[in-house]
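In: coords below, sequence missing:
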């Protein structure tokens, strides 16, 4: 099976490495710089576990230009949410009539940016709770493990069901704890709420995830963000999230991935664009379209934007 991984940051690298360990998979990594491609082609991808017990090494092929590539069976989209539309359009050669698109990205609305390239019956969307980061020396560090939850954008169709089964088997065979859901959007919103509570607070304070549990001020701010977001999603989208249950999940994830440096903090440290607009900013947008307000999430969105502009 030919698998293209579009974007090989921390998460993309982890999935590419595990998938490439199966010799029946042909894994292609699409990266932005020739330097990054050269490093993967010469040295492979090396995943270092925090406990030192489950290091992974693999040698997928890496390119920056896909114009002469044949379509992939599956394209795993792992670019930053703000880059989704350009990345999909810029690598159109990867998407054939039978290609399945899998997005495990942070944020809300990524699937809408893929629809121009792939019909909804072949779009699998989901989330991952794997805690991965890249250290100052460029090593990919696996800081925590968790489920990968996936669902079809068109679960009621035969093609959607078949695509979902194909992706689940692929990920499970690669060692990912993979779970199917009939409510793909719900799974994405579940992850969105986790990110709403962890990412911006950790990024603003330059700390790993565990501080959401340990520091009273950070904990209070994170809880306020989450409770406001739950209220917005319930009122604007007709969801029925329980705020206490969601906050409990946020704390559980923060504790389980306590040593992980979230992707937003990694971006802030590099003074790079963050995904704040599709995380806390998404809550603000959803609220605005419904005639509601989300001042707590709006304030943290503005603070992050000020850090990286």
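Out: Cool, the structure landed. From a predicted model like this one, the values you see are computed outputs, not experimental measurements.

In: what pLDDT does the nearest residue to residue 157 once chain neighbours are set aside get?
Out: Take residue 157 and drop its neighbours on the chain: the residue closest to it by Cβ to Cβ, 6 or more residues apart in numbering is residue 121, 5.0 Å away. From N, CA and C alone the C-beta is placed, and that goes for glycine too. Looking at residue 121, its pLDDT is 95.

In: and residue 121, how many residues sit next to it?
Out: 18 (other Cβ atoms under 10 Å).

In: The one 4 residues further on too?
Out: Counted with other Cβ under 10 Å, the neighbours of residue 125 add up to 24.

In: Work out the gap between the host helix or strand of it and the centre of the chain.
Out: Taking DSSP states H and E as the definition, residue 125 sits inside strand 123-128. Taking Cα atoms, centre = their mean, to the nearest Å, one finds the center of strand 123-128 at 9 Å from the center of the full chain.

In: tell me which residues of it are tucked away?
Out: Buried residues in strand 123-128, counting neighbours by 16 or more other Cβ atoms under 10 Å, are found at 123, 124, 125, 126, 127, 128.

In: Stretch 238-251 too?
Out: Per 16+ other Cβ under 10 Å, stretch 238-251 contains these buried residues: 241, 243, 246, 247, 249, 250, 251.

In: Ok, stretch 224-241 next?
Out: Residues of stretch 224-241 classed as buried by neighbour count (16+ other Cβ under 10 Å): 224, 225, 226, 227, 228, 229, 230, 231, 232, 233, 236, 241.

In: what comes into contact with the host helix or strand of the second one?
Out: Taking DSSP H and E as the criterion, the element that holds residue 225 is helix 216-237. Contacting residues not belonging to helix 216-237 are listed as 189, 192-193, 196-198, 200-202, 205, 207, 211-213, 239-243, 246-247, 250, 254, 280, 283, 286-287, 289-290, 292, 294-297, 300 [Cβ atoms under 8 Å, 6 or more residues apart in numbering].

In: rewinding a little: for the buried residues of stretch 224-241, could you give me CSV that also reports pLDDT and distance to residue 38?
Out: Listed next are the buried residues of stretch 224-241 as CSV, based on pLDDT from 0 to 100; distance: Cβ to Cβ, whole Å:
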residue, pLDDT, distance to residue 38
224, 98, 46
225, 98, 41
226, 98, 42
227, 98, 47
228, 98, 45
229, 98, 42
230, 98, 45
231, 98, 49
232, 98, 45
233, 97, 44
236, 97, 46
241, 97, 45
